[in-house]
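In: Got a predicted structure plus its sequence, pasted below:
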Amino acid sequence: KAGVTQTPRYLIKTRGQQVTLSCSPISGHRSVSWYQQTPGQGLQFLFEYFSETQRNKGNFPGRFSGRQFSNSRSEMNVSTLELGDSALYLCASSLGTGAFRELFFGEGSRLTVL
Amino acid sequence: DAKTTQPPSMDCAEGRAANLPCNHSTISGNEYVYWYRQIHSQGPQYIIHGLKNNETNEMASLIITEDRKSSTLILPHATLRDTAVYYCIVRVKITGGGNKLTFGTGTQLKVEL
């Protein structure tokens, strides 16, 4: 069974640009959540999608957005990139958002903003 | 979700048991304790979770004190591959409540020969 796939794995952007990251969940998983990991702030929740609807949102500015498609694949977008957006962006999938569901994380997309 | 406190780092000899403590003194009756670990440059990996009874699976054991204010994750026979940051997370189990996890700073476990 394939795991959570994130693309691209590494990317470099400059300030002011925008970036789109993609996440393909484990087959059959309908919930996708996104996290940002930085050395200073650790792992922080960005948002979660289930059945194409955003269910939860973390404390990030509106420059951070996401969406989920009918096949459960998800994308997140960061516009007007800032140096502080350099981070490892992790996607996690699970069967649902009901009773506790184990989260399966991908290996992440490492974004560097110059 | 209740706040957790973990030691920043711990060392363990290979083959010995690694006991990782977590303090969650403000935990509520409907909050669960979860453990994840993150091996360098990989995404976090679920280990185990529990409410008030001790739990065991193929990876680890979770011991929760009777007052539920603290817990210990036990890796019975640590190997070099267990070197990772271990996160103790407390969250409310709500049907439909979503999968938002609040990660703390975790414990860096180093397993050495």
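Out: Noted; the coordinates are in hand.
In: is residue 64 in a bridge, and if so with what?
Out: Defaulting to chain A. Beta bridges link A:Phe64 to A:Val78, judged by DSSP bridges.
In: was after chain B, sorry
Out: Going by DSSP bridges, B:Ile64 forms beta bridges with B:Ser71.
In: Pull the number of nearby residues for it.
Out: Counted with other CB atoms under 10 Å in any protein chain shown, the neighbours of B:Ile64 add up to 21. Where you see a C-beta, it was placed from the backbone N, CA and C, and this is true even at glycine.
In: now swap in A:Cys23 and tell me
Out: When neighbours are counted by other CB under 10 Å, A:Cys23 registers 27.
In: So A:Val78 sits against A:Arg15, correct?
Out: No - in this structure, A:Val78 is not within contact of A:Arg15 by CB atoms under 8 Å, at 11.6 Å.
In: For the two, work out which one has more neighbours and name it.
Out: Between A:Val78 and A:Arg15, A:Val78 has the larger neighbour count (other CB under 10 Å), namely 25 against 11.
In: Which helix or which strand is home to the residue most central in space within chain B?
Out: In chain B, the centroid-proximal residue (CA atoms, centre = their mean) is B:Trp35; its distance is 3.2 Å. In this assignment (DSSP states H and E), B:Trp35 forms part of strand B:31-38.
In: Tell me the neighbouring strands of that strand, and mark each as parallel or antiparallel.
Out: Its sheet considered, strand B:31-38 pairs with strand B:45-50 (antiparallel), strand B:84-92 (antiparallel) by DSSP bridges.
In: need the strands for chain B, in chain order.
Out: When assigned using DSSP state E, the strands of chain B occupy the ranges B:9-13, B:18-23, B:31-38, B:45-50, B:55-56, B:61-64, B:70-75, B:84-92, B:107-112.
In: List the contacts of residue 65.
Out: All of this refers to chain A. By CB atoms under 8 Å, 6 or more residues apart in numbering or on different chains, the contact set of A:Ser65 is A:Met76, A:Asn77, A:Val78, A:Ser79.
In: The intended chain is chain B.
Out: When contacts are counted by CB under 8 Å, 6+ apart, B:Thr65 touches B:Ser71.
In: What backbone torsions are found at it?
Out: Main-chain torsions, B:Thr65, degrees, to the nearest 10: phi -60, psi 160.
In: ok, now A:Pro61?
Out: phi -70, psi 170.
In: What count of nearby residues applies to it?
Out: Neighbours around A:Pro61, by other CB under 10 Å: 11.
In: closest point of chain B to chain A, which residue?
Out: B:Gly43 (2.8 Å; CB to the nearest CB).
In: Could you measure from that residue over to A:Phe104?
Out: 8 Å (CB to CB, to the nearest Å).
In: More neighbours: which of the two?
Out: Neighbour tally, B:Gly43 and A:Phe104, criterion other CB under 10 Å: the higher count belongs to B:Gly43, 23 against 20.
In: Contact partners for the more buried one?
Out: Contacts of B:Gly43 (CB under 8 Å, 6+ apart): A:Val4, A:Leu90, A:Ala92, A:Phe105, A:Gly106, A:Glu107, A:Gly108.
In: that older thread, tell me which residues touch the closest residue to the residue nearest to the centre of chain B other than its chain neighbours, please.
Out: Among residues not flanking B:Trp35 along the chain, B:Ile47 sits closest, at 4.3 Å (CB to CB, 6 or more residues apart in numbering or on different chains). When the contact criterion is CB under 8 Å, 6+ apart, the partners of B:Ile47 are B:Trp35, B:Tyr36, B:Arg37, B:Asn57, B:Met59, B:Ala60, B:Leu73, B:Tyr86.
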